[in-house]
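1. quick one, fold the following:
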Amino acid sequence: MTMYGVHAGLQHTTTDTLRDLWRKVEDSGFDWISIWDHFYAATGNDDAHCHEAVATHAALACTTTTVRCGSLVYCVGYRHPAVLANAICTIDHLSNGRADLGLGAGWSEIEYKAYGLEFPAAKARLDMLEEAVACVSSLLRNEVSNFEGQYFTLVDARCEPKPVQAKLPLWIGGGGEKRTLKIVAKYADGWNVPFVSPEAFAKKCAVIDEHCATVGRNPNEIRRTVNLGLAYSDASLVQQFGALSEHVRPGVLAGSDEQIIDRIGQYVEAGADQVNLALRAPFDVASVERFAGAMKLA
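-> Reported below is the predicted structural model:
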């Protein structure tokens with residue numbers, strides 16, 4: 001069965017506004033709410049108005065009662081996997097077993113430079129991602145963890161208390177077909193990619209299947225999700241995404257309710273198990289509620 005979620009950006013908003021949004025999303029029948037991990041707004045310029053992700057993830061866990069509480073995705077370039085694993089364990093307890101942990105290689109160079117962090121080349125960032133996923137997976141699921149990599153080391157490391165869930169889901173975000181999707185095939189319980197067309201989503205799903213065959217894994221074990229914009233008008237699209245509007249347009253739900261339902265059907269046919277509405281402040285709650293009504297979520 002297809003699940004539906006909301007991925008709400010943390011930029012240019014308030015914590016009170018976020019809590020109100022989360023409650024309305026949950027009351028509207030959605031299955032999932034996730035946060036992102038940025039220190040600067042995701043606009044590509046020097047815009048620093050953005051709430052911190054781990055604290056907001058915890059607030060999400062405490063504000064809601066039924067939705068999955070996800071992250072899409074924490075950046076391994078400035079989140080040590082052991083520190084992050086311990087934080088997510090606590091968030092799982094705060095949510096009574098509803099937390100999901102997403103990891104990604106990171107892309108916002110301006111954040112790294114602002115805080116004096118090295119921004120490695122893509123290969124190094126993906127190497128860090130693979131090591132971090134291995135570390136987090138072990139810390140969450142094994143009593144004792146040992147790992148020696150180029151970027152991270154664990155020595156008889158423990159992460160206690162363990163999550164409420166027997167197997168807290170690990171997600172990987174990104175669409176790189178040669179490396180990122182191979183890491184997905186090896187480690188992930190879930191995969192997420194934003195703002196792609198149904199055709200591009202289907203192609204990436206096929207690549208995951210190929211990587212799963214290579215590593216000897218059942219591809220049906222990986223939940224596949226897509227983040228899509230929701231804009232009932234071009235004015236709404238520009239208000240939400242500004243200069244990025246044309247870049248994200250292939251992955252934006254638009255038109256009438258019937259057209260949006262048909263478009264979602266194309267993503268489901270392409271392999272999507274879950275569709276998330278990617279929202280940016282000021283949040284258009286009326287459109288979210290309209291969507292939920294059209295999809296008969298409640």
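2. center of this protein - which residue?
-> Most central in the chain under CA atoms, centre = their mean is L72, positioned 1.7 Å from the mean C-alpha point.
3. for that residue, list the residues it contacts.
-> L72 makes contact with 7, 34-36, 102, 104, 171, 173, 192, 227, 276, according to CB atoms under 8 Å, 6 or more residues apart in numbering. To be clear about C-beta, it is placed using only N, CA and C from the backbone, and glycine gets the same treatment.
4. next SSE downstream of the longest strand seen in the chain?
-> With secondary structure taken from DSSP state E, the chain has its longest strand at strand 223-230. Counting by DSSP states H and E, the next helix or strand C-terminal to strand 223-230 is helix 234-241.
5. what residues sit buried inside the helix or strand just after that next one?
-> Once helix 234-241 ends, the next helix or strand along the chain (criterion: DSSP H and E) is helix 245-248. Under the neighbour-count criterion of 16 or more other CB atoms under 10 Å, helix 245-248 has 245, 248 buried.
6. centre of the chain to helix 245-248, how far?
-> The chain centroid and the centroid of helix 245-248 are separated by 19 Å under CA atoms, centre = their mean, to the nearest Å.
7. the helix or strand following that helix: how far from the chain's middle?
-> Remark: after helix 245-248, the chain's next helix or strand is strand 252-253, criterion DSSP H and E. Between the centre of strand 252-253 and the centre of its host chain there is 17 Å, according to CA atoms, centre = their mean.
8. ok, and what's touching strand 252-253?
-> The contact list for strand 252-253 (CB under 8 Å, 6+ apart) reads 195, 228-231, 237, 260, 263-264, 277, 291.
9. from those residues, which is closest to N96?
-> The shortest gap between N96 and any of the contacts of strand 252-253 belongs to L277, at 24.5 Å (CB to CB).
10. elements contacting the helix or strand where the closest one lies?
-> Using DSSP H and E, L277 maps to strand 274-279. Identification of packing neighbours for strand 274-279 by 3 or more CB pairs under 8 Å, 6 or more residues apart in numbering; DSSP states H and E yields strand 3-8, strand 32-35, strand 223-230, helix 257-270, helix 285-295.
11. and that strand with helix 234-241, angle?
-> Between the direction of strand 274-279 and that of helix 234-241, the angle (axes from the mean of the first three to the mean of the last three CA atoms, to 10 degrees) works out to 90 degrees.
12. tell me the strands beside strand 274-279, with direction?
-> Sheet neighbours of strand 274-279, with direction, are listed as strand 3-8 (parallel), strand 223-230 (parallel) (DSSP bridges).
13. returning to what we had before: T64: which of the contacts of strand 252-253 is nearest?
-> Taking CB to CB as the measure, T64 sits nearest to L277 out of these, at 16.0 Å.
14. surely the closest one meets V226?
-> No - counting by CB atoms under 8 Å, L277 stays clear of V226, with 10.5 Å between them.
15. who's more crowded, the two?
-> Between L277 and V226, counted using other CB atoms under 10 Å, the more crowded position is V226 (28 against 21).
16. which ones are touching that one?
-> V226 neighbours (CB under 8 Å, 6+ apart): 192-194, 196, 201, 251, 267, 272, 274-276.
17. want to throw those residues into JSON lines with neighbour count, distance to T63 and pLDDT?
-> Below are these laid out as JSON lines (neighbours: other CB atoms under 10 Å; distance: CB to CB, whole Å; pLDDT from 0 to 100):
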{"residue": "N192", "neighbour count": "26", "distance to T63": "22", "pLDDT": "98"}
{"residue": "V193", "neighbour count": "24", "distance to T63": "27", "pLDDT": "98"}
{"residue": "P194", "neighbour count": "19", "distance to T63": "24", "pLDDT": "97"}
{"residue": "V196", "neighbour count": "20", "distance to T63": "30", "pLDDT": "97"}
{"residue": "F201", "neighbour count": "23", "distance to T63": "30", "pLDDT": "98"}
{"residue": "G251", "neighbour count": "20", "distance to T63": "27", "pLDDT": "97"}
{"residue": "Y267", "neighbour count": "24", "distance to T63": "28", "pLDDT": "98"}
{"residue": "A272", "neighbour count": "24", "distance to T63": "27", "pLDDT": "98"}
{"residue": "Q274", "neighbour count": "22", "distance to T63": "21", "pLDDT": "98"}
{"residue": "V275", "neighbour count": "20", "distance to T63": "22", "pLDDT": "98"}
{"residue": "N276", "neighbour count": "25", "distance to T63": "18", "pLDDT": "98"}
